[in-house]
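Asks: Using only what follows, build the 3D model:
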Amino acid sequence: MSTRLLTFAGCVLAIAGLAAQVRAQTEFYAGKRLTVIVGLEAGGTVDTLARTFAVKLRQHIPGNPAIVVQNMPGAGGSTATNYLQERAAADGLTILYGPWDPLAQALGDQTLRVRYETFAYLGGTGDIRVAYARTDAVAGGIKAPRDIMKASNVIVGALNKTDISGLLPKLALQVLGVKHRMIVGYRGGNDVFLAMQRGEVQFHSTSISTFRGRNAAFVKSGDGIGIAYLVPVERDGAYEKSRYVTEMPAFPDLYKEVHGRLPAGPDWDALNWLTNQTGEMTFVGFAPRGTPPAALAALRAGFEGASNDPEFVDDAIKRNGVPFTFVNVARGQAIFRSLADVTPQVLQTLRASIAAQN
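Replies: Numbers count the residues shown, from 1 in each chain. Sure thing, here's the model as predicted:
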């Protein structure tokens, strides 16, 4: 047989194999129902995102299963994460979507009884984190982000002691040198925002999409103001500013404006490590370990297709002025592995910061 015929035969076999895989994925989900667990309260930003994403996810999973979103709030999302591995059936019909807590795993927090790398990772979504404040956190009001330095004791809200949305702004205040204290126990970011509207909390962090959506009226009224958005900084001090965020400075720029130099030291190293972990991948999709291969392949195809769906991307830009970014399987798994690379000094700083909450 000639080389040309061998090549042709190989292509035919490859196409036939691919067709068989697609057929298996379609047959697996045809006529079935997929439950998407969200580890935070209904009505919040993450819940809204999950429900919007689920509409596109159904369109891109071969077989187009019916999708139901189920809220399972508790322990800042750890309750739902534990449930997925400990109780959910590995039958391809139950998955998890929402924020993850790398710090809980890195510190060995007993609330999180599972490890992220043990799950079947489906895909992730990146977003930009911003720190914002009540303008009355400073006597006379915060007129510009640098005015946060005038605050005497800023109150930060959080879900629990390792909650990223609380710990990131807490560390930012530590690095800046602003005195603060943290209140924990809220059920979700929306709950913290309500506390901020009541004046119970003065400082928090959220995604740029939430800041421009849910928080828009709060900011427009003059009650709230963006302080800085977080960006990962390389070892040589290089960082990339976002062309999508213009209403507040990047955190290194704010620090440089206040202190005349770029941030450095143990507190900064801890904040930058945490920003690197969460900035690129804010939300994750997981299936239980042992999920059937056909289901796993279909779910991963669905996540990639939905995340890059032109309507989903355009809607994000129209609503928030910034698109979500997709984190594929290879990159997501690399991020989980990098958790093991955290230095003892960073962990020590993080533990000290958490202990200082009480």
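Asks: Pop out the phi and psi values for the most centrally placed residue in the chain.
Replies: Of all residues in the chain, the one closest to the mean position by C-alpha atoms, centre = their mean is residue 282, 1.8 Å from it. Dihedral angles of residue 282 (phi, psi; degrees, to the nearest 10) stand at phi -90, psi -40.
Asks: mind listing what the residue lying closest to it once chain neighbours are set aside touches?
Replies: Among residues not flanking residue 282 along the chain, residue 127 sits closest, at 4.3 Å (C-beta to C-beta, 6 or more residues apart in numbering). Just so you know, the C-beta spots here come from the backbone N, C-alpha and C atoms, and that holds for glycine as well. Neighbour list for residue 127: 207-209, 282-283, 322, 324-325 [criterion: C-beta atoms under 8 Å, 6 or more residues apart in numbering].
Asks: So which residues make contact with stretch 325-342?
Replies: Outside stretch 325-342, the residues touching it (C-beta under 8 Å, 6+ apart) are 102, 105-106, 116-117, 121-127, 273, 277, 280-281, 284, 300, 303-304, 307-308.
Asks: Narrow those to those that are buried.
Replies: Among the contacts of stretch 325-342, those classed as buried by neighbour count (16 or more other C-beta atoms under 10 Å) are 102, 105-106, 116, 121-127, 273, 277, 280-281, 284, 300, 303-304, 307-308.
Asks: returning to what we had before: quick one: which of the contacts of residue 127 has the most company?
Replies: Greatest neighbour count in these, by other C-beta atoms under 10 Å, goes to residue 207: 27 neighbours.
Asks: I figured that residue hits residue 130, correct?
Replies: Yes. Between residue 207 and residue 130 there is a contact under C-beta atoms under 8 Å: 7.3 Å.
Asks: part of a strand, is residue 59?
Replies: No. Under DSSP: H, G, I helix; E, B strand; the rest coil, residue 59 falls outside any strand and is assigned helix.
Asks: count of residues packed around it?
Replies: For residue 59, using other C-beta under 10 Å, the count is 14.
Asks: mind checking the SS state of residue 206?
Replies: Secondary structure for residue 206, judged by three-state DSSP, is strand.
Asks: Could you do residue 222 as well?
Replies: At residue 222 the chain is in coil, as set by three-state DSSP.
Asks: quick one: it and residue 136 touch, right?
Replies: No. Between residue 222 and residue 136 there is no contact under C-beta under 8 Å: 9.6 Å.
Asks: In terms of packing, which of these two has more residues around it?
Replies: The residue with more neighbours, out of residue 222 and residue 136, is residue 136; 14 against 11, by other C-beta under 10 Å.
Asks: Tell me which helix or strand comes right after the helix-or-strand element of the chain with minimal mean pLDDT.
Replies: When each helix and strand of the chain is scored by mean pLDDT, DSSP states H and E, helix 3-29 comes last, with a mean of 60. Using DSSP states H and E, the next helix or strand after helix 3-29 towards the C-terminus is strand 33-38.
Asks: Report the rounded mean pLDDT for that following strand.
Replies: In this model, strand 33-38 has a mean pLDDT of 98.
Asks: ok so, going back, ok, the residue nearest to residue 282 to residue 213 distance?
Replies: 12 Å (C-beta to C-beta, to the nearest Å).
Asks: quick revisit: just the ones of the buried ones among the contacts of stretch 325-342 in strands?
Replies: Of these, the ones assigned to strands by DSSP state E are 121-126, 284.
Asks: about what we covered before: got the contact list for the residue nearest to the centre of the chain?
Replies: Residue 282 touches 99, 124-127, 129, 207, counting by C-beta under 8 Å, 6+ apart.
Asks: Over to residue 315?
Replies: By C-beta under 8 Å, 6+ apart, the residues touching residue 315 are residue 52.
Asks: Would you verify that it is located in a helix?
Replies: Yes. According to three-state DSSP, residue 315 belongs to a helix.
Asks: Look up how far residue 57 lies from it.
Replies: Distance of residue 315 to residue 57, given as C-beta to C-beta: 14 Å.
Asks: now swap in residue 182 and tell me
Replies: Residue 182 is 35 Å from residue 57, by C-beta to C-beta.
Asks: List the buried residues for stretch 246-264?
Replies: By neighbour count on 16+ other C-beta under 10 Å, the buried set for stretch 246-264 is 248-255, 258, 263.
Asks: Restricted to helices, list those residues.
Replies: 251-255, 258 (DSSP state H).
Asks: pLDDT and distance to residue 32 added to those, as CSV?
Replies: Below are these laid out as CSV (pLDDT from 0 to 100; distance: C-beta to C-beta, whole Å):
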residue, pLDDT, distance to residue 32
251, 98, 45
252, 98, 48
253, 98, 50
254, 98, 49
255, 98, 51
258, 97, 55
